[in-house]
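**Student:** below are the sequence and a predicted model for it; my questions follow.
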Amino acid sequence: MGHSHSHKHSHNNGNLQGRNLLISIFLNILITAAQVVGGVISGSLALLSDALHNFSDVISLVVSYVANKLAKKKASLQKTFGYKRAEILAAFINASTLIIVAVLLIIEAIKRFQDPQEIESGLVIWLSGIAILGNGFSVLLLKKDSEANMNLKSAYLHLLTDMMASVAVLIGGLLMKFYNVFWVDSVLTFLIAIYLIWMGYDLLKSSTKVLMLFTPEDIPIDKIVTEINNLEGIKHTHHIHVWQLNEEEIHFEAHIDFENNIQLSEFDDILHKIEEILFHKFEINHVNIQPEFGKCDDKDIIVQD
């Protein structure tokens, strides 16, 4: 059986990622505490909802930080893949909490809309402004790493949506202060929640596909089979599995039926050609091939194991 690793290593500095996450955790703890106190004093549901979202940010950032550390642990006899799935699992958890928090906010917003209450708008304005600055700084810290890491993207989305929510709360505070439109607090809370669901759904879907070992959407299995079958000496490529282990590894596994009973050295040459095709054309960096000759088995591309 041919087996090859050709991993692409991330250019991100793991220690820098961890430091940025810790800074963001600390900032969000301070923001959450201030908004809870301010929300209770002012009576603003939007401010309390923003505090609840900030608290979910703290949890998501802690989960992301732990997953980031676990992902660096080495494999062992008991954990042959190590903790490489930790960050994908963290992304799934964070996306789920984002949607759950949003549903709770919608329920509360509807209740408050039916019974609007007078709100201390001055406190709302000041605290939402502080939250915008704190979350904005955290967003800038994580933006670059979020582009190549699903786990950090989940943390980044939490922070970005909370910054947007704080902007909405600030606008609501200004409307309440100058126009006494108190029902806007509930409307803004509802809109914030809808935005959270919209942002969280895509990440939840993506992380679920990885956890379920679905074929990555940009991997055309039919084209891969054609490319491999065009190599000299290969008769069939079948029994294929393609899955994404984490942000950096895509695995390919297949049985290849050869036209002749070739030597092992010849197989190694062909295996190298297959690896080059898969890596350079399809960005697959972990290849596992089972060579066969004259074997009577299912030759379908996808075989139900």
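**Tutor:** Nice, thanks for sending it over. All values reported here derive from a predicted model rather than from experimental measurement. Numbering: from 1, shown residues only.
**Student:** please, which helix or strand holds residue 214?
**Tutor:** Assigned by DSSP states H and E, residue 214 falls within no helix or strand.
**Student:** what's the helix or strand for the closest residue to it other than its chain neighbours?
**Tutor:** Excluding the flanking residues, the one nearest residue 214 by C-beta to C-beta, 6 or more residues apart in numbering is residue 243, at 7.3 Å. Where C-beta positions appear, they are placed from N, C-alpha and C, glycine not excepted. Using DSSP H and E, the element containing residue 243 is strand 234-244.
**Student:** and for residue 254?
**Tutor:** Applying DSSP H and E, one finds residue 254 within strand 250-258.
**Student:** kindly report the same for residue 30.
**Tutor:** helix 14-42.
**Student:** try residue 300
**Tutor:** With DSSP H and E as criterion, residue 300 is part of no helix or strand.
**Student:** mind listing what it touches?
**Tutor:** Residue 300 is in contact with 238-239, counting by C-beta atoms under 8 Å, 6 or more residues apart in numbering.
**Student:** from here on, call the first residue 746.
**Tutor:** Done: numbering now begins at 746, and the last item shifts to residue 1045.
**Student:** for it, give me phi and psi.
**Tutor:** Residue 1045 adopts backbone torsions of phi -70, psi 150, taken as degrees, to the nearest 10.
**Student:** quick one on the thing from earlier: partner strands of the strand holding residue 999, parallel or antiparallel?
**Tutor:** Strand pairing for strand 995-1003, using DSSP bridges, gives strand 979-989 (antiparallel), strand 1031-1037 (parallel).
**Student:** let me see the residues that make contact with it.
**Tutor:** 961, 964, 969, 973, 978-990, 1012, 1019, 1023, 1027-1038, 1040, 1042, 1044.
**Student:** please pull up the helix or strand immediately following the helix holding residue 775.
**Tutor:** Next along from helix 759-787, by DSSP H and E: helix 790-815.
**Student:** by contact count, what packs against that next one?
**Tutor:** helix 759-787, helix 831-859, helix 866-891, helix 895-924, helix 929-956 (3 or more C-beta pairs under 8 Å, 6 or more residues apart in numbering; DSSP states H and E).
**Student:** okay, those, which one's buried deepest?
**Tutor:** Of all the helices and strands packed on helix 790-815, helix 895-924 has the most neighbours on average by mean count of other C-beta atoms under 10 Å, namely a mean of 23.
**Student:** centre of the chain to that one, how far?
**Tutor:** The chain centroid and the centroid of helix 895-924 are separated by 20 Å, computed with C-alpha atoms, centre = their mean, to the nearest Å.
**Student:** out of the strands paired with strand 995-1003, which is closest to residue 920?
**Tutor:** strand 979-989 (45.8 Å; C-beta to C-beta).
**Student:** run the angle between that closest one and helix 831-859 for me.
**Tutor:** 50 degrees (axes from the mean of the first three to the mean of the last three C-alpha atoms, to 10 degrees).
**Student:** tell me the mean pLDDT over the helix holding residue 775?
**Tutor:** Model confidence over helix 759-787, given as mean pLDDT, is 83.
**Student:** helices or strands up against it?
**Tutor:** helix 790-815, helix 866-891, helix 895-924.
**Student:** mind putting these into a markdown table with distance to residue 997?
**Tutor:** Converted to a markdown table, the helices and strands packed on helix 759-787 look like this (distance: least, C-beta to C-beta, whole Å):
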| stretch | distance to residue 997 |
| --- | --- |
| helix 790-815 | 25 |
| helix 866-891 | 27 |
| helix 895-924 | 20 |
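**Student:** quick one, what contacts residue 799?
**Tutor:** By C-beta under 8 Å, 6+ apart, the contact set of residue 799 is 773, 776-777, 780, 876, 880, 907.
**Student:** contacts for stretch 1009-1025?
**Tutor:** For stretch 1009-1025, the external contacting residues (C-beta under 8 Å, 6+ apart) are 747, 749, 751, 969, 972-973, 976, 978-979, 997, 1001, 1003, 1007, 1029-1030, 1032, 1034, 1036.
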